[in-house]
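>>> coordinates only, sequence not included:
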Ligand code: BGC
């Protein structure tokens, strides 16, 4: 039996996102967002055509969430603001005071419990009114986002000191604007992901500068962006082609955002080269990957005060084997990730349980992006529906993962400052609806009061948080 202690003042958290838990989709003047529209369109876009209309009901049951947070003894709670609840049409032209009141209550109550809020400004739920004007395909959205960010800093920044601008721009851009399986459901392969991500990066950078210029001195907070990444291993460690594919896999996902923001303001060279070559061969006069001007590069470089990593899984990588017709992100990257048959699968098909991948990824981020302070802002393991309360298997995955985090801290000297489990509650898992359960707390969606019950994992996680140590057999 090992007793493994975490560093003093390690941040222990759990994460959620507004659309996934709040419900109250049209309550008290909230404007529509792209997930309201997407789920209401039906057509099996989402498992059983489920919606986040009610979800965990956190808009009214937020005190129940606080009880869960208290039971876990968390030091931090990550949640997101619903942009269209605060600004129904996305702009500061009209402010929905009821939305402001809701988040004020939540923030004040967290602080009264000594829980530090880590607040995400946009977790996949763009206001529909902005989407109607092009959404993230339009540069204008980056400017409107900057205004929204300023509004949030000035409204909540006296109490919120840790900010994330955008959650997982890779997933948001690729699933929302490239293959259309997430809202807003745009299918523009080879163009959409690059164009929307380009505007997200600019939006993030503008929001960071707005804080730095107008708020930082007084509010003394930090601003970052949450980047998701798999760890990638070459399928055959002796194959040069697989190693190159692995490199591209990282460059087209993590570096796509981390390179501009943490390194030099620009996309990775290999991305620029691959996409411009292919674009030329397709008869286009400019690359499908938009370019940043020198001024924009200077504006983007260095716009994160810490590194937020969302890690779920690992892939064995090789060159793309299926030839795709027409342009696409995947054929530009020219790599594909495969699950090792020996890896255990959690309750959702894509999530193979690979705790050691997180350690490798943490060391990679340390070495590649200037040894930043890192918060693991999401990590978790789903159960399929129906779930079991006695989820000992899941707690085993958490234990193994936390042991790897400790190795990263102690042996690899990675500056990991906190760990946030995904998720506090079972919730609306995007296109998988309520069929996939990531919660530390079970939510009974069949009962109108949506009761929360701790899984075994919650009880054990609370012990880790309390002792700031992992007792691991
Ligand atoms: C997202 C969460 C999501 C989780 C599990 C992340 O991509 O940020 O909203 O629920 O992964 O799929």
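Nice, thanks for sending it over. These figures come from a predicted structure and were not determined experimentally.
>>> What are the contacting residues of stretch 129-146?
With contacts defined as Cβ atoms under 8 Å, 6 or more residues apart in numbering, stretch 129-146 is touched by 31-32, 34, 37, 84, 88-91, 121-122, 126, 165, 172-173, 176-177, 184, 186, 192, 195-197, 199-200, 202-203, 206-207, 210. Just so you know, the C-beta spots here come from the backbone N, C-alpha and C atoms, and that holds for glycine as well.
>>> Dihedrals phi and psi, the residue of the chain positioned farthest from its centre?
In the chain, counting by Cα atoms, centre = their mean, residue 283 sits farthest out from the average C-alpha position, at 35.6 Å. The phi and psi values for residue 283, taken as degrees, to the nearest 10, are phi 90, psi 10.
>>> same deal with residue 220?
Main-chain dihedrals, residue 220, degrees, to the nearest 10: phi 60, psi 40.
>>> from memory it sits against residue 160, does it?
No: counting by Cβ atoms under 8 Å, residue 220 does not reach residue 160; the two are 11.3 Å apart.
>>> neighbour count winner among those two?
Each of residue 220 and residue 160 has its neighbours counted (other Cβ atoms under 10 Å); residue 160 has more, 21 against 9.
>>> Now for the more buried one: which residues touch it?
For residue 160, the contact set (Cβ under 8 Å, 6+ apart) comprises 107, 117, 119, 152, 221.
>>> hmm, try it at 10 Å
Residues in contact with residue 160 (Cβ atoms under 10 Å, 6 or more residues apart in numbering) are 81, 103, 107, 110-111, 116-119, 152-153, 219, 221.
>>> what's the spacing between the residue farthest from the centre of the chain and the ligand?
As defined by Cβ to the nearest ligand atom, to the nearest Å, residue 283 lies at a distance of 35 Å from the ligand.
>>> For that residue, give its distance to residue 327.
If you measure residue 283 against residue 327 using Cβ to Cβ, to the nearest Å, the figure is 11 Å.
>>> do residue 354 as well
Applying Cβ to Cβ, the value for residue 354 to residue 327 is 31 Å.
>>> Which one's more surrounded, those two?
With neighbours defined as other Cβ under 10 Å, residue 354 and residue 327 compare such that residue 354 has more, 24 against 18.
>>> Would you mind giving the dihedral angles phi and psi of the nearest residue to the more buried one once chain neighbours are set aside?
Distance criterion Cβ to Cβ, 6 or more residues apart in numbering; nearest residue to residue 354, sequence neighbours excluded, is residue 314 at 3.8 Å. In terms of degrees, to the nearest 10, the main-chain angles of residue 314 are phi -130, psi 160.
>>> and what of residue 46?
Dihedral angles of residue 46 (phi, psi; degrees, to the nearest 10) stand at phi -120, psi 150.
>>> Contact residues of this protein facing the ligand?
17, 20, 167-168, 171, 228, 310, 378, 422, 429, 438 (Cβ under 6 Å from any ligand atom).
>>> 5 Å instead, please
Contacts of the chain with the ligand, taken as Cβ under 5 Å from any ligand atom, map to 17, 168.
>>> which residues of the chain score low on pLDDT?
1 (pLDDT under 70).
>>> top helix in it by residue count?
As assigned by DSSP state H, the longest helix anywhere in the chain is helix 192-214.
>>> Stretch 337-346 spans what distance, first to last residue?
17 Å (Cα to Cα, to the nearest Å).
>>> That stretch: which residues count as buried?
Residues 337, 339, 343, 345-346 are the ones in stretch 337-346 that count as buried (16 or more other Cβ atoms under 10 Å).
>>> Let's see which of these end up in helices.
Using DSSP H, none of the buried residues of stretch 337-346 sit in helices.
>>> Tell me the one of the residues you listed nearest the ligand?
Distance to the ligand, by Cβ to the nearest ligand atom, is smallest for residue 346 among these, at 10.3 Å.
>>> Could you find the closest non-adjacent residue to that closest one?
Computed as Cβ to Cβ, 6+ apart, the closest residue to residue 346 that is not its neighbour in sequence is residue 381, at 4.3 Å.
>>> now the strands for the stretch 251-400 of the chain?
For the stretch 251-400 of the chain, the strands defined by DSSP state E, counting those that start in this stretch occupy 307-310, 314-319, 335-338, 344-345, 352-353, 374-378, 383-384.
>>> that older thread, dump the contacts of residue 160 into TSV; add neighbour count, distance to residue 462 and secondary structure as well.
As requested, these are exported to TSV (neighbours: other Cβ atoms under 10 Å; distance: Cβ to Cβ, whole Å; DSSP: H, G, I helix; E, B strand; the rest coil):
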residue	neighbour count	distance to residue 462	secondary structure
81	26	27	coil
103	22	26	helix
107	20	23	helix
110	22	17	helix
111	13	20	helix
116	18	17	strand
117	21	19	strand
118	26	19	strand
119	22	23	strand
152	23	30	helix
153	23	32	helix
219	18	31	helix
221	18	28	coil
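>>> and which of those is nearest residue 10?
Using Cβ to Cβ, residue 116 is the member of those that lies nearest residue 10, at 12.3 Å.
>>> And for residue 132, the neighbour number?
14.
>>> Against residue 80, how distant is it?
Taking Cβ to Cβ, one finds residue 132 at 22 Å from residue 80.
>>> And residue 248, by the same measure?
Following Cβ to Cβ, the distance that separates residue 248 from residue 80 is 31 Å.
>>> ok, and which of the strands of the stretch 251-400 of the chain has the densest surroundings?
Here the criterion is mean neighbour count by mean count of other Cβ atoms under 10 Å, and of these the winner is strand 374-378, at a mean of 27.
>>> Just the helices from the stretch 1-150 of the chain, written as ranges.
18-21, 34-40, 58-72, 83-86, 97-112, 128-131, 139-156 (DSSP state H, counting those that start in this stretch).
>>> For the residue nearest to residue 346, give me its contacts.
Neighbouring residues of residue 381 by Cβ under 10 Å, 6+ apart: 312-313, 344-348, 351, 353, 391, 393-398, 401, 421-422, 437-438, 457.
>>> Quick check on the residues you listed: which are buried?
The neighbour-count test (16+ other Cβ under 10 Å) marks 312-313, 345-348, 351, 353, 391, 393-398, 401, 421-422, 437-438, 457 as buried among the contacts of residue 381.
>>> when you check those against the helices, which ones overlap?
Going by DSSP H, the helices hold 393-398, 401, 457 from the buried ones among the contacts of residue 381.
>>> can you count the residues close to the closest residue to residue 34 other than its chain neighbours?
Counting by Cβ to Cβ, 6+ apart, the nearest residue to residue 34 once its immediate chain neighbours are dropped is residue 183, at 3.9 Å. When neighbours are counted by other Cβ under 10 Å, residue 183 registers 28.
>>> what do you get for residue 326?
Neighbour tally, residue 326, other Cβ under 10 Å: 8.
>>> I'd like to know how far it sits from the ligand.
Look at residue 326 and the ligand: by Cβ to the nearest ligand atom, they are 26 Å apart.
>>> give me every residue that touches the residue lying closest to residue 369 once chain neighbours are set aside.
Distances taken as Cβ to Cβ, 6+ apart put residue 262 closest to residue 369, at 4.2 Å, once the chain neighbours are dropped. Neighbouring residues of residue 262 by Cβ under 10 Å, 6+ apart: 225, 227, 254-255, 301-304, 307, 365, 368-370, 372.
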